[in-house]
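below is the structure, and that's it, no one-letter string:
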């Protein structure tokens, strides 16, 4: 029993230990550049958008669905935010709910097609994401839109606490809310039942279709929120802004499922996984590796994370 408990604790915090080992390694190799507060504030502050995208992904994943459209939702809402704010002078208090409504609408479309037409979510969200990319290119005329209101940038990246942009604190606060929702609410339990077995969920009285649809809507809204923050971070929007985030977000989601609550997609594990991956990329960059290492790192992390999460899940099922 004691050995089993020790093994479980190692599983829970193994990624944290490896993350700290990475920090120690890069710190020894490049103490003057890596072990500086400015570097760590950059690591934490620059990836708030990726954290929110990852949090959005794990909600439908918990219900057994994929959302491959979330990166294009981010890009569309980012472009819409920039156009409404910079070109049409729509006030921010109106721009923000419009952006979130776009995300919710995307989630409804994803969920409705997936559930009511019984098409696999992988296919639906891939198609919807491609469609959204076309809309983004159309409304933005395939150009970068700049001139975003300084007020949005002020509330995303200019304001800092302890040298870290306020967007980081938004992401951490959101992780806390989703953690509470998934751990302590009826909907969170219904998500788990739905993901573990939809027929079993139906038999226990769970409205599986409603739960899946809600999960897609939440994912769409979080993708939209990430798009708004992305626009505030860069002060502009371009048609390909969020595309590169999809792979690292999925890598972080599956890697996060190997820690804190092994075998289960969870917000804190996802946050740790994001910053583990970003620390690795940052450290390799400091050491002088070229940019192609980023794709190697993210791709390898995704494959490894899926393998480990499957092993953990399989071990848990055998234990039951």
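Looks like it came in fine. Computed from a prediction, not measured in an experiment: that's the story for all the values here.

wait, isn't residue 299 in contact with residue 247?
Yes: using CB atoms under 8 Å as the test, residue 299 is close enough to residue 247 to be in contact (6.8 Å). All C-beta spots, glycine's among them, are computed from the backbone N, C-alpha and C.

compare these two (neighbour count), which wins?
Comparing residue 299 with residue 247 by other CB atoms under 10 Å, the one with more neighbours is residue 247, at 16 against 13.

can you map out the strands along the stretch 151-300 of the chain?
160-161, 164-165, 236-237 (DSSP state E, counting those that start in this stretch).

so which of those strands gets nearest residue 17?
Taking CB to CB, strand 164-165 is the member of the strands of the stretch 151-300 of the chain nearest to residue 17, at 23.5 Å.

and the contacts of that closest one?
41, 44-45, 48, 156-159, 233 (CB atoms under 8 Å, 6 or more residues apart in numbering).

derive a PyMOL selection command for the buried subset of those residues.
Here is the PyMOL selection string for the buried members of these, based on 16 or more other CB atoms under 10 Å:
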select buried, resi 41+44+45+48+156+157+233
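
nearest to residue 82 among the contacts of strand 164-165?
Nearest member of the contacts of strand 164-165 to residue 82, counting by CB to CB, is residue 233, at 12.0 Å.

if I pick the closest residue to residue 238 other than its chain neighbours, what's in contact with it?
With sequence-adjacent residues excluded and distances taken as CB to CB, 6 or more residues apart in numbering, residue 238 is closest to residue 144, at 4.1 Å. If a contact means CB under 8 Å, 6+ apart, then residue 144 has 236-239 as its contacts.

cool, residue 132 as well?
Contacts of residue 132 (CB under 8 Å, 6+ apart): 69, 72-73, 75-76, 106.

what's the most distant pair in those residues?
Top of the distance list for the contacts of residue 132 (CB to CB): 75 and 106, 11.4 Å.

circling back: quick one, which of the contacts of strand 164-165 has the minimum pLDDT?
Of all these, residue 45 carries the smallest pLDDT score, 86.

next, the contact list for that residue, please.
Contacts of residue 45 (CB under 8 Å, 6+ apart): 157, 160, 164-165, 167-168.

reformat those residues as TSV; add distance to residue 83.
Output for the contacts of residue 45, formatted as TSV (distance: CB to CB, whole Å):
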residue	distance to residue 83
157	20
160	28
164	29
165	24
167	21
168	27
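
pull out the buried residues from the residues you listed.
For the contacts of residue 45, buried by 16+ other CB under 10 Å: 157, 164-165, 167-168.

between those, which is closest to residue 265?
residue 168 (21.5 Å).
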